[in-house]
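[1] turn this into a structure:
(chains A and B)
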Protein chains: 2
Amino acid sequence: MAAHFPILQIVGYQNSGKTTFVEKLAGKLDQLGVNVGCLKHHGHGGEPDAFAEGKDSDRFFRAGAAASGVEGAGVFQLTARGEWTLDQLIAAYGVLAVECLLIEGFKHAPYQKVVMVRNEADCRLLKELDGIIAVIYQQSEPKTDVPSFHIEDPGALAFILNHLKEEGVCLNDLS
Amino acid sequence: MAAHFPILQIVGYQNSGKTTFVEKLAGKLDQLGVNVGCLKHHGHGGEPDAFAEGKDSDRFFRAGAAASGVEGAGVFQLTARGEWTLDQLIAAYGVLAVECLLIEGFKHAPYQKVVMVRNEADCRLLKELDGIIAVIYQQSEPKTDVPSFHIEDPGALAFILNHLKEEGVCLNDLS
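    Residues are numbered from 1 along each chain as shown, chains lettered A, B, ... in the order given. Coordinates of the predicted model:
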């Protein structure tokens, strides 16, 4: 099931700055008029914390619904339990009219990736993973053929926005 | 966009017992081996309460993501903001392998309906709405051609399960 919108993964070990980077990128894409979707892999083991506890949609979920949601004023909240493949999750974003999806984690998935490295040891990811379009480092610049940016370098964001534009994401104000 | 699974709406005014009935039905369908989805219309005006506050997926949503989710151990939690049509929401359940969808509310949507009536005044719904397959009443039995059940009558659940079976829902143990 191929997605009909560009997908970019932000991967790296814990504390490599993935979440903050996805947050920045999502904010910028929103400013540029893009319906951006985000998906995070809860990598600490176990389920995400329950939410909406006691709400009606939570009552349905606890009663046994495989997928339970609520919609009001344009906000849709959904909880679903099952043997989801990443493809299924991506397809859910597709029907919600997402124009671009940023995925934090799922590092072995086959999409283009920004790899965040904290230190030299983390650089082994650069050999392990395919589809790397950029590296964002915290300490010394890694030896690699792909464009690399220090984590404080605003050029990283600019590079990625340009990349997404080339991938077909319509960015209203990006020259 | 036609769903490829049966959809049943549970509609009625506030305090007519919709949520409790959907909860019972979801629990029973789960017991019978059905991947049941539930969708509630938040009919009190405004957005549902925010959830997952401060979590990473909430950070992405607040930063501007139109759709933000997290997946861990088979649990997928998603929040999405937009101009969703009911069809889009239903399609999201479709990609999550739901075999049957129970919708609480959205009373003007074009799916088969169970109408819950508290009293005689509520019975005007029976004239206003199309596609009614059953009525569940709290006081006196309404004058109607469709099967009607008192809210305490277990026959209501049995009737609906049979109906869903006829609509193609595979109920493992229903004789």
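[2] show me what the longest helix along chain A is packed up against.
    Secondary structure of chain A read by DSSP state H shows that its longest helix is helix A:18-31. If you count contacts as 3 or more C-beta pairs under 8 Å, 6 or more residues apart in numbering or on different chains; DSSP states H and E, helix A:18-31 packs onto strand A:7-12, strand A:36-41, strand A:100-104, strand A:112-117, helix A:155-166, helix B:56-63. In this view, the C-beta of every residue, glycine as well, is placed from N, C-alpha and C.
[3] residue closest to the middle of chain A?
    Within chain A, the residue whose C-alpha comes closest to the C-alpha centroid is A:Ile103; the distance, by C-alpha atoms, centre = their mean, is 1.9 Å.
[4] tell me the bridge partners for that one.
    For A:Ile103, the beta-bridge partners under DSSP bridges are A:Gln9, A:Leu39.
[5] list the contacts for it?
    A:Ile103 makes contacts with A:7-10, A:38-41, A:109, A:111, as judged by C-beta atoms under 8 Å, 6 or more residues apart in numbering or on different chains.
[6] again, but for A:Glu47
    With contact taken as C-beta under 8 Å, 6+ apart, A:Glu47 is in contact with B:72-75.
[7] confidence score at the residue lying farthest from the centre of chain A?
    No residue in chain A sits farther from the centre than A:Ala63, which is 30.7 Å out by C-alpha atoms, centre = their mean. Per-residue confidence (pLDDT) for A:Ala63: 95.
[8] A:Val95: what's it in contact with?
    Going by C-beta under 8 Å, 6+ apart, A:Val95 touches B:88, B:91-92, B:94-95.
[9] in helices, which of the residues you listed appear?
    Among those, the members found in helices (DSSP H) are B:88, B:91-92, B:94-95.
[10] of these, keep whichever come out buried.
    With neighbours counted using 16 or more other C-beta atoms under 10 Å in any protein chain shown, the ones in helices among the contacts of A:Val95 contain these buried positions: B:88, B:91-92, B:94-95.
[11] and of the residues you listed, the nearest to A:Leu126?
    B:Val95 (33.1 Å; C-beta to C-beta).
[12] A:Ile10 touches A:Met116, doesn't it?
    Yes - A contact is recorded between A:Ile10 and A:Met116 when judged using C-beta atoms under 8 Å, the distance being 6.7 Å.
[13] start and end of stretch A:13-24, how far apart?
    Between the opening and closing residues of stretch A:13-24 there is a gap of 18 Å (C-alpha to C-alpha, to the nearest Å).
[14] any chance you could list what contacts the longest helix of chain A?
    A:10-12, A:36, A:38, A:40, A:100, A:102, A:104-105, A:114, A:116, A:136, A:151, A:156-157, A:160-161, A:164, A:169, A:171, A:173, B:56, B:59-60, B:63-66, B:68.
[15] mind running it again at 7 Å?
    A:10, A:12, A:36, A:38, A:100, A:102, A:104, A:116, A:136, A:157, A:160-161, B:56, B:59-60, B:63-65 (C-beta atoms under 7 Å, 6 or more residues apart in numbering or on different chains).
[16] for that helix, which residues meet the burial criterion?
    Neighbour-count burial for helix A:18-31, counted by 16+ other C-beta under 10 Å, picks out A:18-19, A:21-29.
[17] just the mean pLDDT for that helix, thanks.
    Across helix A:18-31, the average pLDDT comes to 96.
[18] tilt between it and strand A:100-104?
    170 degrees (axes from the mean of the first three to the mean of the last three C-alpha atoms, to 10 degrees).
[19] returning to what we had before: need the buried ones among the ones in helices among the contacts of A:Val95 in CSV with pLDDT, can you?
    As requested, these are exported to CSV (pLDDT from 0 to 100):
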residue, pLDDT
B:Gln88, 92
B:Ala91, 94
B:Ala92, 94
B:Gly94, 92
B:Val95, 91
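[20] in those residues, find the pair that's most separated.
    With C-beta to C-beta as the measure, no two of those lie farther apart than B:Gln88 and B:Val95, at 11.2 Å.
[21] do stretch A:74-82 and chain B meet at all?
    Yes - under the criterion of C-beta under 7 Å from any C-beta of the partner chain, stretch A:74-82 makes contact with chain B via A:74-82.
[22] who wins on neighbours among the contacts of A:Ile103?
    Within these, most neighbours by other C-beta atoms under 10 Å in any protein chain shown means A:Cys38, with 32 neighbours.
[23] quick one: contacts for A:Ile133?
    Contacts for A:Ile133 (C-beta under 7 Å, 6+ apart) come out as A:112-114, A:146, A:163.
[24] closest one of those to B:Arg124?
    Within these, the smallest distance to B:Arg124 is 56.5 Å, found for A:Gln112 (C-beta to C-beta).
[25] shouldn't the closest one be in contact with A:Leu129?
    No - distance between A:Gln112 and A:Leu129: 10.5 Å, which falls outside the contact criterion (C-beta atoms under 7 Å).
[26] which ones are touching the closest residue in space to A:His4 that isn't next to it in sequence?
    Leaving out its chain neighbours, the residue that sits closest to A:His4 by C-beta to C-beta, 6 or more residues apart in numbering or on different chains is A:Gly94, at 6.5 Å. A:Gly94 sits next to A:3-5 when contact means C-beta under 7 Å, 6+ apart.
[27] in ChimeraX, select just the buried ones from the residues you listed.
    Buried members of these, identified by 16+ other C-beta under 10 Å, are gathered into one ChimeraX selection as follows:
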select /A:3,5
